[in-house]
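> got a predicted model here, sequence first, then my questions.
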Amino acid sequence: MSAWAWRGVLAGLALLLWGTLLARGQSYVGKGHRVLDGDTIYLLRETGQIVRVELYGIDAPERGQPFADAAARAVRRVVFRTDVRARAETDGPDGRSLFVVRVDDRVLNEHLLRRGLAWWDRRQAPHADRYRRLEQRARANERGLWAQPDPVPPWTWRGRDHR
């Protein structure tokens, strides 16, 4: 490979790393303003800006799926009109930042896994051993959606026709 080709490869890697570091550094503080579903909330910042926050490393049931309403209610109980801190962990496949959300000492992402109201999303968080263990514990104790015989993950559900 020529020197110019190597420079191009190195420049590309530098941009990729820089983008990842920027995403990881992004954070918001605000009040829980609106809950879209079990893994997406809106924060109202002191500036008046409303920010969409998608939870990192988990995938909650979609509308129409069993436990979708329970997941959204659980999120609402934790974040609505409460001080929330959201820190970007990485970018999702669509380019949007994915966040770890904290309310006091509670991590919302982990709370949903612990209660059996979300799946650990291995694509977003392949090395999140804590998330893997929380999901395994919820499964073993048949909490939430794991009380069903064969729960369908949201990524499978989204690919089906639900008319």
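That came through fine.
> run a quick neighbour tally on Glu89.
Glu89: 19 surrounding residues under other Cβ atoms under 10 Å. Yep, even glycine has a C-beta here, placed from its N, CA and C like the rest.
> what's near enough to touch the closest residue to Asp83 other than its chain neighbours?
Counting by Cβ to Cβ, 6 or more residues apart in numbering, the nearest residue to Asp83 once its immediate chain neighbours are dropped is Lys31, at 6.4 Å. Contacts for Lys31 (Cβ atoms under 8 Å, 6 or more residues apart in numbering) come out as 43-44, 81-84.
> just give me the closest of those residues to Val100.
The shortest approach to Val100 among those belongs to Val84, at 11.1 Å (Cβ to Cβ).
> center of the protein - which residue?
When Cα atoms, centre = their mean is applied to the chain, the residue found nearest the centroid is Leu55 (2.1 Å).
> quick one, what contacts the nearest residue to that one once chain neighbours are set aside?
Nearest non-adjacent residue to Leu55, counting by Cβ to Cβ, 6+ apart: Asp39, 4.3 Å away. Asp39 sits next to 54-55, 58-60, 71, 75, 112, 118 when contact means Cβ under 8 Å, 6+ apart.
> cool, thanks, signing off.
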